[in-house]
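Asks: sharing a model prediction with you, sequence too.
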Amino acid sequence: MSATLPLPEAMIPGQPWSALAPMQDVTTLPFMRLLGHYGAPDLLFTEYFRVHGHSTLESHIVDSIQRHDTGRPVFAQLIGESLPDLQRTVAAIHAAELPVAGIDLNMGCPAPKVYKKNVGGGLLRDPAVVDRILGCLRESVEGRFTVKMRIGFEDDRNFEAILKLIEKHQVDLLSLHARTVKEAYRSAVHYEYIQRAAEALPIPVLANGNVTSLKKGLWVLENTGAAGLMIGRSCIRNPWIFRQLREHFAGESVTQPTLADVREYIDRLFTATAQADRAERFHINHLKKFLNFIGLGVDPEGRFLHEARRATTKLELDAICDRHLIEAGRGKQAFADEPLEGLVARPNCETAQGCSL
C-alpha cells in the first residue's frame, strides 16, 4: 500500500486550504460556477453519488465535475456501504476518466432518511463496518482517497477508534464536522475534536462546522491547528468568503460586499438555477433554499426573510429584493459579516421567538 498523497496546492502556496463542503442540491454545477465568479475555494467537493445495487453515475454530478470551469480541483463524493457497489462505482469513475482530484467518502450526513439506511453518518455507529469500507476504498481508489465525517453518531464513543482506522488505511485527507450526527446543525460546534484529530493524524484535517466569516475562520484555524477550512452553508449566504480568506492571507484589502452586491448575487442565482421545463413558482421555491441563508445577513428584524419566503413570482421577488437591498440608500450598506443574531435558516422560525406561517 502506497503512502498518503499530498493535497493539490492551495492558490496561495503554503497557506491554509479552503474547501467547498459537499451539500446535496446545492453544490451543483450552477453553484460551483457562481463561486468561480465570486472567488472559488482551493478545493471543491461534489454532491454525493448514491451507491447501491442499481446505482449509476448521476449525470448532473458528472457535469459538475467536468464543466465547473473554476480551474480548481474537484473531489467526487460517494455515499454507501455495499463493498461490491463501492468498488464498481470507483471503477466507473476511473473508466470514465473523470477529472477528479480524489474520491471522498461521506460518513457524516445527518439526514434521518440517510443514516437509517446505515450510510452517511449512520456508519459511525459501527467501527468494524467502517474498517471494511475504508479498506475496500483504499484498495480501489487510484489516487487520493478522502473522508468527510462527524465526531460520532449520538456521542463520541467511536471517535478515537475511527481516527485510528483513518490512519490505518492511509486516508489522504479528513474533513471533520465537529458535531454528532444526532446534533445535526442545532448544537454548538465542538472544535476541540478537530484539534484532537489534527494532533493525532499525520494527514491534513479540514475544520468544518459554523465557519461563518473570515474572522470566525481565522479563530477556528488558530484554535484547532487544522490545515484548512471546509465551508458549506455560510458560502451560500456569503459567496465572497473564499475570496476574503485568500485576500487576508495575501495581505490584501479584504472585499466587503454591500447589499447592492447581494442584490446582484440573487439575480445571478436566479439565472444560474433556471431550467427550461420548470414552472416559475417551482423555480422561486427552489431559490428559497438559498434565500433562507442570504436573508440571515440583510436586516435584524428578519423582514426580508419573512417576505422572500412568501414570494411566488419573479416579479414579487424582484420587488422584495429592491425594497430591502437597493431602495432608500440601502444598496450602499455593508452586508453583515456574520449571521444576524436571532435569525435562523428555517422556514418555520424567523426570530428567536418564532413566527406563525
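Replies: Perfect, thanks for sending it.
Asks: what stretches of this structure score poorly on pLDDT?
Replies: 1-2, 346-357 (pLDDT under 70).
Asks: where do the strands sit along it?
Replies: 17-20, 43-50, 74-79, 102-107, 144-152, 173-180, 205-208, 228-231 (DSSP state E).
Asks: relative to residue 33, which of those is closest?
Replies: For the strands of the chain, the distance to residue 33 is smallest for strand 43-50, at 10.8 Å, taking Cβ to Cβ. No exception for glycine: its C-beta is placed from N, CA and C like everyone else's.
Asks: and the closest one, what other elements does it pack with?
Replies: strand 17-20, helix 59-66, strand 74-79 (3 or more Cβ pairs under 8 Å, 6 or more residues apart in numbering; DSSP states H and E).
Asks: ok, back up a step: quickly compare the strands of the chain and say which is most buried.
Replies: strand 205-208 (a mean of 28; mean count of other Cβ atoms under 10 Å).
Asks: strands paired with that strand, and their directions?
Replies: strand 173-180 (parallel), strand 228-231 (parallel) (DSSP bridges).
Asks: just the CA coordinates of the shortest one, formatted as PDB?
Replies: I take that to be strand 228-231. C-alpha atoms of strand 228-231 as PDB (Å, rounded to 0.1, in the frame of the first residue of the first chain):
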ATOM      1  CA  GLY A 228      -7.700  24.400   6.300                       C
ATOM      2  CA  LEU A 229     -11.400  25.200   6.400                       C
ATOM      3  CA  MET A 230     -14.300  23.500   4.700                       C
ATOM      4  CA  ILE A 231     -17.300  25.800   4.400                       C
END
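Asks: any chance of TSV for the strands paired with strand 205-208, columns distance to residue 216?
Replies: Formatted as TSV, the strands paired with strand 205-208 follow (distance: least, Cβ to Cβ, whole Å):
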stretch	distance to residue 216
strand 173-180	13
strand 228-231	9
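Asks: among the ones you listed, which comes closest to residue 118?
Replies: Distance to residue 118, taken as Cβ to Cβ, is lowest for strand 173-180 among those, at 16.2 Å.
Asks: picking up where we left off before, now the strands of the chain as TSV including distance to residue 256?
Replies: Listed next are the strands of the chain as TSV, based on distance: least, Cβ to Cβ, whole Å:
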stretch	distance to residue 256
strand 17-20	18
strand 43-50	25
strand 74-79	29
strand 102-107	33
strand 144-152	31
strand 173-180	28
strand 205-208	24
strand 228-231	18
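Asks: nearest to residue 30 among those strands would be which one?
Replies: Among the strands of the chain, strand 43-50 comes nearest to residue 30, with 12.2 Å by Cβ to Cβ.
Asks: any idea of the angle that closest one forms with strand 102-107?
Replies: Strand 43-50 runs at 60 degrees relative to strand 102-107, counting by axes from the mean of the first three to the mean of the last three Cα atoms, to 10 degrees.
Asks: contact partners of stretch 87-101?
Replies: 8, 43, 49, 51, 55-57, 62, 65-66, 73-76, 78, 80, 103, 136-137, 140-144 (Cβ atoms under 8 Å, 6 or more residues apart in numbering).
Asks: tell me the buried residues in it?
Replies: Within stretch 87-101, the residues scored as buried using 16 or more other Cβ atoms under 10 Å are 87, 89, 90, 93, 98, 100, 101.
Asks: as TSV, these with distance to residue 25 would be great.
Replies: Output for those, formatted as TSV (distance: Cβ to Cβ, whole Å):
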residue	distance to residue 25
87	27
89	20
90	24
93	21
98	20
100	20
101	22
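Asks: the residue nearest to residue 200 when sequence neighbours are not counted: neighbour count?
Replies: Using Cβ to Cβ, 6 or more residues apart in numbering and skipping the chain neighbours, the partner closest in space to residue 200 is residue 163 (5.4 Å). Per other Cβ atoms under 10 Å, the neighbour tally for residue 163 reads 20.
Asks: and what of residue 142?
Replies: 10.
Asks: got the contact list for it?
Replies: Taking Cβ under 8 Å, 6+ apart, one finds residue 94 in contact with residue 142.
Asks: phi, psi for it please.
Replies: phi -90, psi 90 (degrees, to the nearest 10).
Asks: how near is it to residue 65?
Replies: Distance, residue 142 to residue 65, by Cβ to Cβ, to the nearest Å: 16 Å.
Asks: closest one to residue 243 out of the buried residues of stretch 87-101, please.
Replies: Closest to residue 243, out of all of the buried residues of stretch 87-101 and judged by Cβ to Cβ, is residue 101, at 20.7 Å.
Asks: for residue 135, which non-adjacent residue is closest in space?
Replies: Closest to residue 135 by Cβ to Cβ, 6+ apart is residue 169, at 5.7 Å.
Asks: surely the one you found and residue 139 touch.
Replies: No: judged on Cβ atoms under 8 Å, residue 169 makes no contact with residue 139 at a distance of 9.0 Å.
Asks: which one's more surrounded, the two?
Replies: residue 169 (20 against 12).
Asks: now the more buried one: how far from residue 195?
Replies: Residue 169 is 22 Å from residue 195, where distance means Cβ to Cβ.
Asks: again, but for residue 95
Replies: In terms of Cβ to Cβ, residue 95 sits 40 Å off from residue 195.
Asks: contacts only, for the closest residue to residue 210 other than its chain neighbours.
Replies: Sequence neighbours aside, residue 189 is the residue nearest to residue 210 in space, at 4.8 Å (criterion: Cβ to Cβ, 6+ apart). Applying Cβ under 8 Å, 6+ apart, we find residue 189 in contact with 177, 178, 179, 209, 210.
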